[in-house]
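Visitor: Generate coordinates for the sequence data below:
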Amino acid sequence: MQTEKLWTKEFILATFVNFALVLSMYSLLVTLAQYTIEQYDTSMSMAGLVSSIFIIGVLIGRLYAGWQVNKFGAKLLLIAGVIIFIIMTSFLFLPLNIYALILVRLFQGIGFGLGTNATGTIVSQIIPRTRSGEGIGIFSISVVLSAAIGPLIGTALMRMFDYIAIFVFSLIVGIFSLIISFFIVAPKFKKEKPSKQGMHLSNFIEYRVVPVAIIVLIGGFAYSGILSFVTTYASEIHLAEIGGYYFLAYSLVVLLTRPISGKLMDLKGENMIIYPAFLFYALGMFVLSQATSNFLFILAAILLGLGYGNFQSITQAIAIKVTPKERMGLANSTYFIFYDVALGIGPFFLGFIIPVIGFRYMYLLFVGLILLTAGLYYLLCDRRFRFSFLKNR
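Guide: Sure thing, here's the model as predicted:
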């Protein structure tokens, strides 16, 4: 049997544009809070607002993209999103006041949300259904790579030159992404008439994706405690020197395993991957909560890479499998809205919990939360999908 082609020109270009946009985003994200404090002599809370308002913009962009992707097409939304991102990045060179900077970050997030939702939609539409796990695994590596490299570039440019160098880098990356976007040929589908006219929820949310998106929301909430606090935790337990290597070890594991886990999913089904991923995720969180040495800290990163690293890509592949191709834009929007909300609100709520119970007990509680999420996955997704789309592979 001939294998359907995965590595098409559009797949490669869309993956590269996604990588470039996320790379630019991360290089700014890790430096803008400090830039705000130094440049505007403002409070930590205001600096945090400059960083977090970007996520609000991303959510707005994703909602609009999911709603209008069939009307305008994924390519047009991609180009529009990248242009907005470039324009807003250009404004960072101007002498803005703090409120103008917040507004710029909001619209920068909207552009990013439009652009990344469009690349995800294009890739979802062109990946063969028989290779969806493998395709999404490879595509999501673009996010893992940029998340690992972006902060390193941002902090290096800040140390070697100045904040202006980070803005120049982001602008160049944005312009390069725009040029590549014009060469992408997005698939066209018959425009679907909205189920209800006006601002009805069904025109913004793909209901088929909601069960797995709920799983991502809870799983992502737990991981937000690592994204935001793992380096602080490493310092508290006197492992500050190794703390910076957590994301490097995590990223390497994800890079090595996602293509393999994606192929296994296509051959054996998602449960072959997701249940072991839950176990590795819980085990990694337990080891992290008990870490007292460099070895245990890095072992936790490896286990979490095997666990959460594959959990995230497999759930995205499931979201694609349950959705018709003409609704793929809405499916991507729905999935990432839940994902972004988890990573966005998680640190806020955990900031109230950590002073009460501490980092170790927080990570230990997450072990139970992850296992409960596995049970919820069985109830919401495994049993439900087993008798629907899994029958029709």
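
Visitor: Could you pull out the helices in this structure for me?
Guide: 9-40, 44-72, 74-91, 98-126, 132-160, 163-181, 210-236, 240-243, 246-268, 271-290, 294-321, 328-377, 383-386 (DSSP state H).

Visitor: now the longest one against helix 294-321, angle please.
Guide: Just to be clear, that refers to helix 328-377. 120 degrees (axes from the mean of the first three to the mean of the last three C-alpha atoms, to 10 degrees).

Visitor: rewinding a little: Throw the helices of the chain into TSV and include distance to residue 187 and mean pLDDT, thanks.
Guide: Glycine gets a C-beta too; all of them are placed from N, C-alpha and C. Below are the helices of the chain laid out as TSV (distance: least, C-beta to C-beta, whole Å; pLDDT from 0 to 100):
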stretch	distance to residue 187	mean pLDDT
helix 9-40	8	83
helix 44-72	12	77
helix 74-91	8	93
helix 98-126	5	89
helix 132-160	14	77
helix 163-181	15	92
helix 210-236	23	86
helix 240-243	44	78
helix 246-268	20	84
helix 271-290	27	94
helix 294-321	14	90
helix 328-377	9	86
helix 383-386	25	55
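
Visitor: can I get these in JSON lines with mean neighbour count?
Guide: Putting these into JSON lines (neighbours: other C-beta atoms under 10 Å) gives the following:
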{"stretch": "helix 9-40", "mean neighbour count": "20"}
{"stretch": "helix 44-72", "mean neighbour count": "20"}
{"stretch": "helix 74-91", "mean neighbour count": "22"}
{"stretch": "helix 98-126", "mean neighbour count": "24"}
{"stretch": "helix 132-160", "mean neighbour count": "20"}
{"stretch": "helix 163-181", "mean neighbour count": "19"}
{"stretch": "helix 210-236", "mean neighbour count": "20"}
{"stretch": "helix 240-243", "mean neighbour count": "14"}
{"stretch": "helix 246-268", "mean neighbour count": "19"}
{"stretch": "helix 271-290", "mean neighbour count": "21"}
{"stretch": "helix 294-321", "mean neighbour count": "24"}
{"stretch": "helix 328-377", "mean neighbour count": "19"}
{"stretch": "helix 383-386", "mean neighbour count": "14"}
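
Visitor: can you pull the contacts of residue 215?
Guide: The contact partners of residue 215, by C-beta atoms under 8 Å, 6 or more residues apart in numbering, come to 315, 373, 376, 377, 380, 381.

Visitor: In the residues you listed, find the pair that's most separated.
Guide: Using C-beta to C-beta, the contacts of residue 215 reach their maximum pairwise distance at 315 and 376, which is 12.3 Å.

Visitor: Distance of the nearest residue to residue 36 once chain neighbours are set aside relative to residue 350?
Guide: Excluding its sequence neighbours, the residue lying closest to residue 36 (C-beta to C-beta, 6 or more residues apart in numbering) is residue 47, at 4.2 Å. Residue 47 sits 18 Å away from residue 350, going by C-beta to C-beta, to the nearest Å.

Visitor: Next: residue 381.
Guide: According to C-beta to C-beta, residue 381 stands 26 Å off from residue 350.

Visitor: Could you do residue 210 as well?
Guide: For residue 210 relative to residue 350 (C-beta to C-beta), the value is 24 Å.

Visitor: Residue 329 now?
Guide: Here residue 329 is placed at a distance of 32 Å from residue 350 (C-beta to C-beta).

Visitor: go on, residue 108?
Guide: In terms of C-beta to C-beta, residue 108 sits 25 Å off from residue 350.
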